[in-house]
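1. one predicted model, sequence on top.
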Amino acid sequence: MARAIFNGAVLAESDTFELVEGNVYFPPSSIDKTYLKPSDTTTVCGWKGTASYYNVVVDGEVNTDAAWYYPDPKEAAENIRGFIAFWRGVLIER
């Protein structure tokens, strides 16, 4: 079981997830999207592709670009298509 928690709120919880480069990627069905607000930020990874970001918002506290995902990953990262990972103060329990 893996969980992502920020400011006391459970953002994601799942028995199934992908572990890539030390990051837990949660399946879309495990995400509480009420806490995610789209961001305009993107970054590029040479082997995964272009990542898109969400701001995490819990009880008015905004954690900018604290969640990311690959909507259209390269073939080598197809296993994380649409899965969401967290950082920047989001606690990941495993």
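-> Arrived safely, thanks for sending.
2. show me where this structure has strands.
-> 2-6, 9-14, 18-20, 23-25, 36-45, 49-58, 61-69, 84-86, 91-93 (DSSP state E).
3. dump the ones you listed to TSV, plus mean neighbour count.
-> The C-beta positions use only the backbone N, C-alpha and C, and glycine is treated the same way. As requested, the strands of the chain are arranged in TSV below (neighbours: other C-beta atoms under 10 Å):
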stretch	mean neighbour count
strand 2-6	20
strand 9-14	20
strand 18-20	14
strand 23-25	20
strand 36-45	13
strand 49-58	19
strand 61-69	18
strand 84-86	25
strand 91-93	14
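4. looking at those, which is closest to residue 75?
-> Closest of the strands of the chain to residue 75 is strand 49-58, at 9.2 Å (criterion: C-beta to C-beta).
5. that older thread, make CSV out of the strands of the chain and add distance to residue 78.
-> Below are those laid out as CSV (distance: least, C-beta to C-beta, whole Å):
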stretch, distance to residue 78
strand 2-6, 20
strand 9-14, 19
strand 18-20, 11
strand 23-25, 12
strand 36-45, 14
strand 49-58, 10
strand 61-69, 13
strand 84-86, 15
strand 91-93, 23
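6. export those to CSV and tack on mean pLDDT?
-> Written out in CSV, the entries for the strands of the chain read as follows (pLDDT from 0 to 100):
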stretch, mean pLDDT
strand 2-6, 98
strand 9-14, 98
strand 18-20, 97
strand 23-25, 98
strand 36-45, 98
strand 49-58, 98
strand 61-69, 98
strand 84-86, 98
strand 91-93, 98
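7. closest to residue 76 out of those?
-> Of all the strands of the chain, strand 49-58 comes closest under C-beta to C-beta, at 8.9 Å.
8. the closest one to strand 9-14, inter-axis angle?
-> Calculated by axes from the mean of the first three to the mean of the last three C-alpha atoms, to 10 degrees, strand 49-58 forms an angle of 140 degrees with strand 9-14.
9. so what strands line up beside strand 49-58?
-> In the sheet, strand 49-58 lines up against strand 36-45 (antiparallel), strand 61-69 (antiparallel) (DSSP bridges).
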